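K.L.:
When you get a sec, could you give me coordinates for this:
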Amino acid sequence: RIWGVIRALAATGILVLADKAYQRAGPPGGDHVLTPYKGRDKPESQKDVNRAHARLRGPGERANSQPKTWRILHKLRCCPFRAGRIAKAIHVLQLRETTSH
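P.N.:
Numbers count the residues shown, from 1 in each chain. Coordinates of the predicted model:
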């Protein structure tokens, strides 16, 4: 929110899957930030939506955690703009690993 990422994504029309902390994070009336339902004792339909949401977010969450686990960004000695390519490569490898099982 501080850097205006949500506003930039809204301007491009990109749909965002976020966690519960980002409810009502987008501009008023905007529906591009999708978050899971909050609360206990939800109806089964909302639980199904939350499970689907988690399934879609899971690969991205794992890809984001890999550089932290591998500490690869701490050892980065190239131009910082190449870090995006490294992150994309990690995401592709993570997807390949999870879909091949």
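K.L.:
Low-confidence bits of the protein, can you list those?
P.N.:
The model of the chain has pLDDT under 70 over residues 26-30, 100-101.
K.L.:
And the strands in it?
P.N.:
Secondary structure of the chain (DSSP state E): strands at 16-17, 33-34.
K.L.:
I'd like the distance from the first one to the chain centre, please.
P.N.:
Okay, so that is strand 16-17. Distance, stretch centre to chain centre, for strand 16-17: 7 Å (CA atoms, centre = their mean, to the nearest Å).
K.L.:
got a list of contacts for that strand?
P.N.:
If you take CB atoms under 8 Å, 6 or more residues apart in numbering as the criterion, strand 16-17 is touched by 6, 9, 22, 26, 32-34, 53, 56-57, 60. Where C-beta positions appear, they are placed from N, C-alpha and C, glycine not excepted.
K.L.:
That strand: partners in the sheet, and parallel or antiparallel?
P.N.:
strand 33-34 (parallel) (DSSP bridges).
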